[in-house]
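J.: Please find the sequence and the predicted model below.
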Amino acid sequence: MTLTQKTIRREVGCAGIGLHCGERVNMRLLPAAPGTGIRFRRVDLGGREIAVSIDNLHQTSFATQLTDGVASVSTVEHVLSAAAGLGVDNLLIELEGPEVPIMDGSATPFVYLLHEAGLRRQQAARTFIKIVEPLRIDDEDKFIAVYPAERLKISYTIDFDHPLIGIQRETFLVTPRAYTEQLAPARTFGFLRDVETMRSLGLALGGSMENAIVVGENSILNPQLRFPDEFVRHKILDAVGDLTLLGAPLLGHVVAYRAGHSLHTDLVEKIRDTPEAWEAVTWDDIVYQLAARRPVTAPVAV
């Protein structure tokens, strides 16, 4: 677990298509000072900045969108997921458009981009939000909960009424290596039957088999999946990204059933609004707590 905050060493950039707006968007990642968190800057709107915070959540229909009340930025979850997966605390993300580029539909391009920029430790302690009391949100036949744990662990179940997906379950301890190898490559997905409706609503205008898994009635249109359970892995990827709206890395076991962006962000809001269920801790606090629980063994006479 990272003891101190991290940012990137140098500026790095890329360009791609926005999944929903269908426009080409240029993006740059820049280093940021300790304690400033992750922020988006709309350079095409005079440099307006939007902090990654649950207070700036605008909507979660098909993607997570943030706003400062004037400017907004959409489909933020994949780049935020990559930053969280690698333990990046402070980052400035500049955009020349309304949406983060979708790239290949996964978080792997953003992981590569962050590694290309280089990661740099900063002289500031990293503060974690450590769950001490369980919290749960139910929404008809869906739920999301979080329980006390020493690390971030996510257990996720999806259940789609489709023969090619059905029920999938996975649990991951979210470490940089596990995230990079097992979660980041998982792509977003959608159903061919929904494409016409979404486009009539001005959504998925940039979607294609180059940046999403497309599920037909009886087949998956893409050549192959990256994992047999790529669908549930992508849901975990999304959850890692949405949890960044807490403003600090989470220590807890998140359990989700048929959840999505809306329930992910509802959980963030519930954590924020239930201060008795968590405590802010540094690495030194964690070490002290673990040592206090360790039984004292009497010396053996020889």
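T.: All right, it came through fine.

J.: domain parsing for this protein?
T.: Per automatic domain parsing, the structural domains of the chain span 4-125, 128-291.

J.: Buried deepest among those, which one?
T.: Comparing the domains of the chain by mean neighbour count (mean count of other Cβ atoms under 10 Å), domain 4-125 ranks first with a mean of 19. Any C-beta I mention is one placed from the backbone N, CA and C, and that applies to glycine too.

J.: ok, back up a step: could I get the domains of the chain in TSV, plus columns for mean pLDDT?
T.: Shown next, in TSV, are the domains of the chain (pLDDT from 0 to 100):
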stretch	mean pLDDT
domain 4-125	96
domain 128-291	93
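
J.: host element of the closest residue to R126 other than its chain neighbours?
T.: The shortest distance from R126 to any non-neighbouring residue, by Cβ to Cβ, 6 or more residues apart in numbering, is to Q5 (5.1 Å). Assignment of secondary structure by DSSP states H and E places Q5 within strand 4-8.

J.: Could you export that strand as PDB, CA atoms only?
T.: Taking C-alpha atoms only, strand 4-8 is exported to PDB below (Å, rounded to 0.1, in the frame of the first residue of the first chain):
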ATOM      1  CA  THR A   4       2.700   8.900   0.400                       C
ATOM      2  CA  GLN A   5       0.700  10.700  -2.200                       C
ATOM      3  CA  LYS A   6       1.600  10.300  -5.900                       C
ATOM      4  CA  THR A   7       1.400  12.300  -9.100                       C
ATOM      5  CA  ILE A   8       3.000  11.900 -12.500                       C
END
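
J.: hang on, the earlier thing: please name the residues that touch the residue nearest to R126.
T.: P34, G35, D89, N90, R121, Q122, A124, A125, R126 (Cβ atoms under 8 Å, 6 or more residues apart in numbering).

J.: mind redoing it with 7 Å?
T.: P34, D89, N90, Q122, A124, R126 (Cβ atoms under 7 Å, 6 or more residues apart in numbering).

J.: Please report how far it lies from F160.
T.: 39 Å (Cβ to Cβ, to the nearest Å).

J.: Strands of the stretch 101-250 of the chain, residue ranges please.
T.: With DSSP state E, counting those that start in this stretch, the ranges of strands along the stretch 101-250 of the chain come out as 119-125, 128-131, 135-139, 142-147, 152-160, 166-173, 189-191, 213-215, 250-257.

J.: what helices or strands is the first one leaning on?
T.: The helices and strands touching strand 119-125, judged by 3 or more Cβ pairs under 7 Å, 6 or more residues apart in numbering; DSSP states H and E, are strand 4-8.

J.: Strand partners (parallel or antiparallel) of the strand it packs on?
T.: strand 119-125 (antiparallel) (DSSP bridges).

J.: how far out from the middle of the chain is the partner strand?
T.: Distance of strand 119-125 from the chain centroid (Cα atoms, centre = their mean, to the nearest Å) equals 21 Å.

J.: residues contacting the residue nearest to the spatial centre of the chain?
T.: With distances taken as Cα atoms, centre = their mean, G241 lies nearest the centre of the chain, 1.0 Å away. Residues near G241 by Cβ under 7 Å, 6+ apart: E77, H78, L80, S81, A84.
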